Structure formats: structure tokens, C-alpha cells
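Asker: Predicted structure and sequence below. I'll ask about it afterward.
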Amino acid sequence: MANTHSIVALDVGERRIGVAVADTAVRIAVAYDTIEVDGSELEAIARIVISEHADTLVIGFPRNQAGEPTAQTEFVVAFSEKLKDVAENIVFQDESLTSVLAEQRLKSYKKPYTKDDIDAQAAAIILQDYLELHYA
């Protein structure tokens with residue numbers, strides 16, 4: 001399919017970063033991995049962007065229930081600034097309730113799961129929402 005590209009999404013936390021990937025030709029987000037925040041996270045994200053040939057990085061944008069920015073929003077925005085040389089395009093996507101939805105989804109599989117699984121699944125939900133808004 002002409003003019004398709006890969007996208008990587010991040011659910012940024014202070015301890016872990018959930019990662020998901022998708023190709024705009026298929027438009028299905030897939031939970032990819034989690035990255036521990038230990039000082040090597042920028043390099044890990046760059047490796048994923050390169051290996052996936054991604055030109056867009058979608059970052060979950062946290063807000064409170066009233067839709068207002070929070071302290072976590074400031075953290076995510078500051079973190080995204082460090083990624084400006086990693087991907088051609090960096091965009092934000094609302095991440096409201098994605099961790100809750102991710103955990104519900106994982107529970108429905110009736111298999112054990114970890115916080116890492118929740119974070120990666122949340123990144124997939126963020127990315128799927130982005131795909132549906134921009135590539136439907």
C-alpha cells in the first residue's frame with residue numbers, strides 16, 4: 001500500500017514506559033514491550049524506532065478527569081523534549097483511562113499479567129486511538 005509508515009507509541013511513566021507499534025497499512029496497534037526507566041530509556045526508545053523504521057512517535061498525554069494537565073503531564077512533556085532527535089514526528093494522544101482499559105482487557109484473557117503487561121497494553125490502546133483518529 002502506498003504511503004504507509006510505522007508508528008511507535010509510548011505510555012510514559014516514571015518507572016516504566018509501555019511501548020506499542022503499528023503500521024498504517026494494517027492500522028492495528030500491538031503491545032510491543034516495556035522499558036525500565038533507569039537512565040538508558042532514551043537509547044532503548046531510539047533502538048525501537050530504528051528497528052521498526054518508525055517516523056512517528058505517539059506519546060500518551062495525561063490529564064485529570066476534568067481534562068486539565070497534571071504534574072504527570074509536565075513530566076511527559078519534559079520527557080518528550082528529550083526525544084526530539086529520535087523520531088521525525090512526535091505527537092501527543094490523550095491517554096485518559098488507558099491503564100484501566102488495559103487492565104480490563106488483560107483480565108478478560110484470564111491469564112496472569114504484570115504491571116509491564118498493563119503498560120504495554122496501555123500504549124497499544126493509545127496508539128489504536130491515534131490510528132482511529134488519523135487513519136480511519
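Answerer: Nice, thanks for sending it over. In this text the structure is predicted, and so the values were computed from the model without any measurement.
Asker: from here on, contacts and neighbour counts on C-alpha atoms
Answerer: Will do.
Asker: In the protein, where's the longest helix?
Answerer: Secondary structure of the chain per DSSP state H: the longest helix is helix 115-134.
Asker: Counting by contacts, list what that helix packs against.
Answerer: On a contact count with 3 or more CA pairs under 8 Å, 6 or more residues apart in numbering; DSSP states H and E, helix 115-134 meets strand 6-12, strand 16-23, strand 30-36, strand 54-61, strand 89-94, helix 98-108.
Asker: Now mean neighbour count too, for the ones you listed, in JSON lines please.
Answerer: Listed next are these as JSON lines, based on neighbours: other CA atoms under 10 Å:
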{"stretch": "strand 6-12", "mean neighbour count": "28"}
{"stretch": "strand 16-23", "mean neighbour count": "24"}
{"stretch": "strand 30-36", "mean neighbour count": "20"}
{"stretch": "strand 54-61", "mean neighbour count": "23"}
{"stretch": "strand 89-94", "mean neighbour count": "16"}
{"stretch": "helix 98-108", "mean neighbour count": "15"}
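Asker: Go through the ones you listed and name the closest to Gly67.
Answerer: Closest approach to Gly67 among the helices and strands packed on helix 115-134 is made by strand 89-94 (9.4 Å; CA to CA).
Asker: Output the closest one as PDB, nothing but the C-alphas.
Answerer: The C-alpha coordinates for strand 89-94 follow below in PDB (Å, rounded to 0.1, in the frame of the first residue of the first chain):
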ATOM      1  CA  ASN A  89       7.300  13.400  14.200                       C
ATOM      2  CA  ILE A  90       6.300  13.500  17.800                       C
ATOM      3  CA  VAL A  91       2.600  13.800  18.600                       C
ATOM      4  CA  PHE A  92       0.500  13.500  21.700                       C
ATOM      5  CA  GLN A  93      -2.600  11.400  22.100                       C
ATOM      6  CA  ASP A  94      -5.000  11.600  25.100                       C
END
